[in-house]
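Trainee: no sequence on this one, just coordinates:
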């Protein structure tokens, strides 16, 4: 295991242990190691002193120790410390936390508990069974504890909740009853089921209706959904919510329309903007089913108004440019000003350039996400840049829209694009 750590990271961890601390890798990183003997770049450690110490002194000592070894640290709630370090061309994010319990209040509110509606009790002397009990699934409560000894590293597997057995059986089993207090764990349950291909433990299926989802937030919903197959996540979420008759906050009722998304060959989205690209790419009929609650979907995804419309225009731009090329090739003579100004393809192209100049990020995200490398990208970019630097004489008295068309014509001439349409 220790050999799988990069030399720089291993050296820093050894420096921590040399100062009288033991470290236990736990959570997703230890699960990944057990499953396929590889480690991610995010590593979560539980840090414990080898000798009993006053809690306040220990917290200050851990903070100072991490500062000395890593430089800057980012203190988080509950005396959790996050550091970043570069090694072998990779950025590693390491989280260090002291053993703690999470204690929920005795009575649940009408809207249930939220993701952080608990008190924390830090106790460096508690057992691994006690400190790991705050975790969601047994498969995430297997620790790899390592210490420095006279003969080198010593790694011990800490498995107080039989997580190894569930990993072998590919089972998602909650650690305790408090699992159902946190609505985010409902989301993580679906994410792990999809990404790991694990089955739900019978007790979890029986008690799923104990979840209260009123306090689910958009942030956590999207964060978990985009970590796996987004559309399968949506479908499974609403399937479970319906089967268990769980009440949902209003914004989730709007997102339910995403379950209607047809299968596509597009890459899976990992952000709201990429999701908007996928919606813009499907057929008009399918898109209307998804957008039947006009305006709300974009709002609840945290997107700017009419983002999807702009992406639809970006999609249409490819056909517009292709048709302009065909029109130019088939023209027997140069267009007059009047023909240029009034041709529908020319005016559509002007709308594309206007949209790109105002929202280049939306166009760029679409091109990057879909892997577009065709000439239409360069046409739009070059025309936009050339028009931005084009000045018209003061004696032109065109309307504002006609002035933009005249700029586009001059830009086409300057770049040698669509020569007959531009009147070259």
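Mentor: Looks like it arrived, so ask away. If you're wondering where the values come from, they're calculated on a predicted model, not measured in any experiment.
Trainee: contacting residues for residue 61?
Mentor: Residue 61 is in contact with 49, 53, counting by C-beta atoms under 8 Å, 6 or more residues apart in numbering. The way it works is simple: take the backbone N, C-alpha and C, and place the C-beta from them, glycine included.
Trainee: how long is stretch 416-424 from one end to the other?
Mentor: 8 Å (C-alpha to C-alpha, to the nearest Å).
Trainee: List the buried residues for that stretch?
Mentor: 417-418, 421-423 (16 or more other C-beta atoms under 10 Å).
Trainee: Assumed residue 22 was part of a helix.
Mentor: No. Residue 22 is assigned strand when assessed by DSSP: H, G, I helix; E, B strand; the rest coil, not a helix.
Trainee: Tell me, how many residues neighbour it?
Mentor: Applying other C-beta atoms under 10 Å, we find 18 residues neighbouring residue 22.
Trainee: Against residue 196, how distant is it?
Mentor: 29 Å (C-beta to C-beta, to the nearest Å).
Trainee: is the closest residue to residue 98 other than its chain neighbours in a bridge, and if so with what?
Mentor: Excluding the flanking residues, the one nearest residue 98 by C-beta to C-beta, 6 or more residues apart in numbering is residue 122, at 5.1 Å. Beta-bridge pairing for residue 122 (DSSP bridges): residue 100.
Trainee: Run a quick neighbour tally on residue 122.
Mentor: 16.
Trainee: related to what we said a few turns ago, sitting in helices, which of the buried residues of stretch 416-424 do you find?
Mentor: In this view, the buried residues of stretch 416-424 that belong to helices under DSSP state H are 421-422.
Trainee: Return the closest of the buried residues of stretch 416-424 with respect to residue 346.
Mentor: residue 421 (6.9 Å; C-beta to C-beta).
Trainee: State the pLDDT value of that closest one.
Mentor: Residue 421 carries a pLDDT score of 95 in this model.
Trainee: So it sits against residue 337, correct?
Mentor: No. The criterion here is C-beta atoms under 8 Å, and residue 421 misses it with residue 337 at 11.6 Å.
Trainee: Touching, the residue nearest to residue 98 and residue 100? I think so.
Mentor: Yes. With contacts counted by C-beta under 8 Å, residue 122 reaches residue 100, the gap being 4.7 Å.
Trainee: Now do the shared contacts for the two.
Mentor: Counting by C-beta under 8 Å, 6+ apart, the contacts common to residue 122 and residue 100 are residue 78.
Trainee: quick one: which helix or strand includes residue 347?
Mentor: Using DSSP states H and E, residue 347 sits within helix 344-358.
Trainee: Does anything pack onto that helix? Which helices or strands?
Mentor: helix 307-330, helix 360-370, helix 375-388, helix 400-415 (3 or more C-beta pairs under 8 Å, 6 or more residues apart in numbering; DSSP states H and E).
Trainee: Make TSV from the buried residues of stretch 416-424 and add distance to residue 300 to it.
Mentor: Listed next are the buried residues of stretch 416-424 as TSV, based on distance: C-beta to C-beta, whole Å:
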residue	distance to residue 300
417	41
418	41
421	42
422	44
423	48
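Trainee: tell me the secondary structure for residue 153?
Mentor: strand.
Trainee: list the contacts for the nearest residue to it once chain neighbours are set aside?
Mentor: Spatial nearest neighbour of residue 153, chain neighbours left out: residue 2 (4.7 Å); criterion: C-beta to C-beta, 6+ apart. Counting by C-beta under 8 Å, 6+ apart, residue 2 makes contact with 10, 146, 153, 155.
Trainee: Please apply the same query to residue 327.
Mentor: Taking C-beta under 8 Å, 6+ apart as the test, what residue 327 contacts is 345, 418, 421.
Trainee: what about 10 Å?
Mentor: 335, 343, 345-346, 418, 420-421 (C-beta atoms under 10 Å, 6 or more residues apart in numbering).
Trainee: Please apply the same query to residue 231.
Mentor: 225, 258-264, 268-269, 275, 278.
Trainee: any idea how far residue 237 is from it?
Mentor: 11 Å.
Trainee: Likewise for residue 87?
Mentor: 38 Å.
Trainee: which of these two has more neighbours?
Mentor: Neighbours per residue, other C-beta under 10 Å: of residue 87 and residue 237, the larger number sits with residue 237, 27 against 16.
Trainee: which stretches of the stretch 51-200 of the chain form helices?
Mentor: 55-70, 128-131, 163-169, 183-196 (DSSP state H, counting those that start in this stretch).
Trainee: joint contacts of residue 231 and residue 237?
Mentor: Contacts common to residue 231 and residue 237, judged by C-beta under 10 Å, 6+ apart, are 225, 258-259.
Trainee: Just among these, which is most surrounded?
Mentor: In these, the most neighbours by other C-beta under 10 Å go to residue 225, 24 neighbours.
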